[in-house]
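sequence first, then the predicted structure, then my questions.
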Amino acid sequence: SDPDLVARARAAKAALGDKVFVLGHHYQRNEVIEFADVTGDSFKLAKEAAARPDAPWIVFCGVHFMAESADILTSDEQTVILPDLAAGCSMADMAAIAQVEDCWEQLVEAGVADQVVPVTYMNSSAAIKAFTGRHGGTVCTSSNAKTALTWALDEKGGVDGKGKVLFLPDQHLGRNTWARDLGGSLEDCVVWDPHRPMGGLTVEELQAARMILWRGHCSVHGRFSVEAVEAARAEIPDVKVIVHPECRHEVVELADEVGSTEKIIKTIAAAPDGTAWAVGTELNLVQRLAQEFPKQRIAFLEKNVCYCSTMNRIDLPHLVWALESLVEGRVVNPIRVDEQVAADARRALDQMLALPG
Ligand code: 13P
Ligand code: SF4
């Protein structure tokens, strides 16, 4: 990266001292990660943001929904800054609040709503988290989806009971957690398509289902294929395939290990030297893993999958701009969630933070 920008980022951070706290998601560019005070998956970063009450400014190097969650979990005196407001998430955009409210009304009309607990993936707007809080549900991340689902089903009689989960907005994480982690049957899953009347489902299908999966997906992880897993196994002797649970179910079924970004890093860090890996997650992280663990053989699972373009929006020029503005007394790109939305969303986020483990 540009040495001038590196020097400016260093100088601005030094001038701000403890007043600024920089969080970096594992999918961020190296040039940005270099300036992060802490790196992590979405769960760890949400906890870290909440644990820094003394920093008036939290610069969030990640995407919009993460910055919103950090704003909800921090105090009114603190400001969360997203260095580029265009850093969104295509999956989060797949569930609009009007569509979700409409879905709930139809679940009420179908007579199933009182059996349903919403479980909402962190990768969603604050408005969807607020909906979740209003209906007694919880937020989850890829590192606690199993615990969150178990908790939600326990609210309605346990995994073997009659309760149902409305899982928003990632159908793959919902399906994978149900089928792989809880041993549930794929036949118990239905997909709610927000663009079709009644989600494209019949009342009978809704009554029989245990998992009502919102039709959303990650445009990056959705591209990892069964063929890529098979090719890695054919080409790399003794390879271990490790993927993120946002990958399609067929891919997750074939993998050796499945986990959040933090779990992927920890699993690889704990493996003996010489282990061969094919990693199915965002490319910035895979490249960093290859650099950090040169004694292991780390390959990207699918050659034609690219970076998460919105994560990549945060680059060193944007970070320098956000930091230097603070030095000059200006706050750029603050993320402020509406108070009522924040209050409802906080219930669902606090429920997640209160889950065991
Ligand atoms: P993690 O919670 O595993 O960090 O994942 C966040 C994300 O956006 C994955 O696409
Ligand atoms: Fe969203 Fe996928 Fe990018 Fe994660 S990797 S921020 S889920 S688009």
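Received, thanks. Numbers count the residues shown, from 1 in each chain. Ligands and ions are numbered 1, 2, ... in the order given.

next, whichever residue of the stretch 251-357 of the chain sits closest to ligand 2: phi, psi?
At 3.4 Å from ligand 2, C308 is the closest residue in the stretch 251-357 of the chain, using C-beta to the nearest ligand atom. Where C-beta positions appear, they are placed from N, C-alpha and C, glycine not excepted. Main-chain dihedrals, C308, degrees, to the nearest 10: phi -80, psi 110.

mean pLDDT per helix and strand in the protein: which one sits at the bottom?
helix 42-50 (a mean of 91; mean pLDDT, DSSP states H and E).

pLDDT of the next helix or strand after that helix, averaged?
Remark: after helix 42-50, the chain's next helix or strand is strand 57-61, criterion DSSP states H and E. Averaged over strand 57-61, pLDDT sits at 98.

strand 57-61 close to ligand 1?
No: Strand 57-61 stays clear of ligand 1 (C-beta under 6 Å from any ligand atom), getting no nearer than 12.8 Å.

can you list contacts of the next helix or strand along the chain from that strand?
Using DSSP H and E, the helix or strand that follows strand 57-61 towards the C-terminus is helix 64-73. For helix 64-73, the external contacting residues (C-beta atoms under 8 Å, 6 or more residues apart in numbering) are 23, 25, 42, 45-46, 49-50, 58, 60, 80-82, 85, 87-89, 92, 122-126, 129, 139, 335-337, 342, 345-346, 349.

can you do 6 Å?
42, 46, 49-50, 58, 60, 80, 82, 88-89, 92, 123, 126, 335, 337, 342, 345-346 (C-beta atoms under 6 Å, 6 or more residues apart in numbering).

got the residues of the stretch 101-250 of the chain near ligand 1?
With the criterion set to C-beta under 6 Å from any ligand atom, the stretch 101-250 of the chain comes near ligand 1 through N123, T141, S142, C218, E246.

cutoff 8 Å now
Selection of the stretch 101-250 of the chain residues close to ligand 1 by C-beta under 8 Å from any ligand atom yields M122, N123, T141, S142, S143, C218, V220, H221, H244, E246.

tell me which two in those are the farthest apart.
S143 and V220 (18.1 Å; C-beta to C-beta).

per-domain residue ranges of this structure.
Domains of the chain are assigned by automatic domain parsing as 3-89+311-336, 92-218, 221-300.

span of the first one from start to end?
Taking C-alpha to C-alpha, to the nearest Å, domain 3-89+311-336 runs 33 Å from one end to the other.

does ligand 2 have contacts with it?
Yes: residues of domain 3-89+311-336 contacting ligand 2 under C-beta under 8 Å from any ligand atom: Y27, G62, V63, G88, C89, M311.

which ones are touching the one residue sitting closest to the centre of the chain?
Closest to where the C-alpha atoms of the chain average out (C-alpha atoms, centre = their mean) is N123, at 4.6 Å. N123 makes contact with F65, C89, M91, A92, according to C-beta under 6 Å, 6+ apart.

just to check, the third one is in contact with G216?
Yes: using C-beta atoms under 6 Å as the test, M91 is close enough to G216 to be in contact (5.4 Å).

overlap of the contact sets of these two?
D170.

quick one, phi/psi of W214?
The phi/psi pair for W214 (degrees, to the nearest 10) reads phi -70, psi 140.

gap between it and E109?
Counting by C-beta to C-beta, to the nearest Å, the separation of W214 from E109 is 18 Å.

more crowded one of these two?
W214 (28 against 11; other C-beta atoms under 10 Å).

need the contact list for that one.
Applying C-beta under 6 Å, 6+ apart, the residues contacting W214 are A95, L168, P169, W192.

give me the pLDDT value at the closest residue to L285 other than its chain neighbours.
Of all residues not flanking L285 in the chain, H26 sits nearest, at 4.9 Å (C-beta to C-beta, 6 or more residues apart in numbering). H26 is assigned 95 on the pLDDT scale.

again with H64
The model reports H64 with a pLDDT of 98.

one more: N304?
Predicted confidence (pLDDT) for N304: 78.
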